[in-house]
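Visitor: Coordinates for the following, if possible.
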Amino acid sequence: MLHIVIPAYNEELRLPRTLHALRRYVAQRRSVLGEVEVLVVDNASTDRTAEVARAADSTGLPVRVVECARRGKGAAVRAGLLASNADLVAFMDADGATDLTALEDAWRRFQLGADVVIGSRAVDGAVAEVRNCRTRSAGAAAYRRIARRLVPGIADTQCGFKVIRGGIARAVAVDLEATGFSFDVELLVRLRATGARIAEIPVTWTDVPGSTFVPARHGAGAFTELARIAWRTRRIVTIPAPATSISGRATTKARSQSPMPLPASVALPVAIAVPAAASLLSEA
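Guide: Alright, predicted model coming up:
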């Protein structure tokens, strides 16, 4: 069985379209995907997000609402992962930015031995329609440089599409502490530490208007959260992944480290990291 977690904060307008597309896609691919249930995590919304999610529940695509009072995308995804009991658990954004064909591609990678499949807008074959914004571009480039120090070999940590074997997902989610937009990095650090085989696949991604991430408002916090993740995970011992080959355009394999070195670029006191990030993001 596959559970699809959708973190949602005030998504009453965008969520119905995404759930409709999911229902149609699952109906066409049921022979491949099998049983599918959607877990919409209502992240303390102040609009009708939970109501529209419940209204979308049907025999064609069961939709369950999970309440998460702790604000933040990371907190919402963690709640969804822990509420799942499926063999495979995915999470995707409420705006449906990632084309759903990634689900079938991910399924094939699991058949080939992957434990984790992550969508990427930065590997060969990916198609990404991105808004041209100097602030967003400058901040994203700096963010990627730091994130790659924590999870080397992964080209795109922040794509909102990831699929994980259920048992691994729930075991790792218990220890997740990052509640904001940088939670993906901590998740990947902890997944790699288990020795999980991680496959990165190209996706078709469209930048949908209405994102709750605003660079000027959330950028500094995302950098600060990276610093905290680096500090919390600095002593994690990484178990090497099995040598099983995973067919795909990009595959990452864990390396043994004990303890995990803290990169100088992120080993900054929060008091220094916040102003530095804010300065970078305001240069545009």
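Visitor: For the nearest residue to residue 30 once chain neighbours are set aside, give its distance to residue 26.
Guide: Among residues not flanking residue 30 along the chain, residue 36 sits closest, at 7.7 Å (C-beta to C-beta, 6 or more residues apart in numbering). All C-beta spots, glycine's among them, are computed from the backbone N, C-alpha and C. Remark: distance between residue 36 and residue 26 (C-beta to C-beta, to the nearest Å) = 5 Å.
Visitor: still on that earlier bit, bridging residues for the residue nearest to residue 30?
Guide: Judged by DSSP bridges, the bridge partners of residue 36 are residue 2.
Visitor: Tell me, what's the model's pLDDT at it?
Guide: We have a pLDDT of 97 for residue 36.
Visitor: Give me the contacts around stretch 11-24.
Guide: For stretch 11-24, the surrounding residues in contact (C-beta atoms under 8 Å, 6 or more residues apart in numbering) are 4, 6, 8, 38, 40, 45, 47-49, 51-53, 56, 58, 60-61, 63, 94-96, 100, 208, 210.
Visitor: Residue 196: how many residues sit nearby?
Guide: With neighbours defined by other C-beta atoms under 10 Å, the count for residue 196 comes to 23.
Visitor: and if you look at residue 87?
Guide: 14.
Visitor: wouldn't it be in contact with residue 36 here?
Guide: No. Judged on C-beta atoms under 8 Å, residue 87 makes no contact with residue 36 at a distance of 11.5 Å.
Visitor: Quick check: neighbours shared by those two?
Guide: Contacts common to residue 87 and residue 36, judged by C-beta under 8 Å, 6+ apart, are 1-2.
Visitor: Now residue 57: closest residue in space that isn't a chain neighbour?
Guide: That would be residue 63: by C-beta to C-beta, 6+ apart, it lies 4.2 Å from residue 57.
Visitor: Specify the beta-bridge partners of that neighbour.
Guide: Here residue 63, judged by DSSP bridges, has bridge partners residue 38.
Visitor: check contacts around it.
Guide: 19, 37-38, 40, 53-54, 56-57.
Visitor: Of those, which pair is most distant in space?
Guide: Spatial extent of those (C-beta to C-beta) is set by the pair 37 and 54 at 13.6 Å.
Visitor: higher neighbour count, these two?
Guide: Counted by other C-beta under 10 Å, residue 37 and residue 54 do not tie: residue 37 has more neighbours, with 17 against 14.
Visitor: ok, that one touching residue 5?
Guide: No. Using C-beta under 8 Å, residue 37 makes no contact with residue 5, being 10.0 Å away.
Visitor: Check the gap between residue 193 and residue 116 for me.
Guide: Residue 193 is 12 Å from residue 116, by C-beta to C-beta.
Visitor: From the neighbour counts alone, determine which of those two ranks first.
Guide: residue 116 (26 against 18).
Visitor: Am I right that that one is in contact with residue 165?
Guide: Yes. Contact between residue 116 and residue 165 holds when scored by C-beta under 8 Å: they sit 7.3 Å apart.
Visitor: Spit out the residues that contact those two alike.
Guide: Counting by C-beta under 8 Å, 6+ apart, the residues touching both residue 116 and residue 165 are residue 196.
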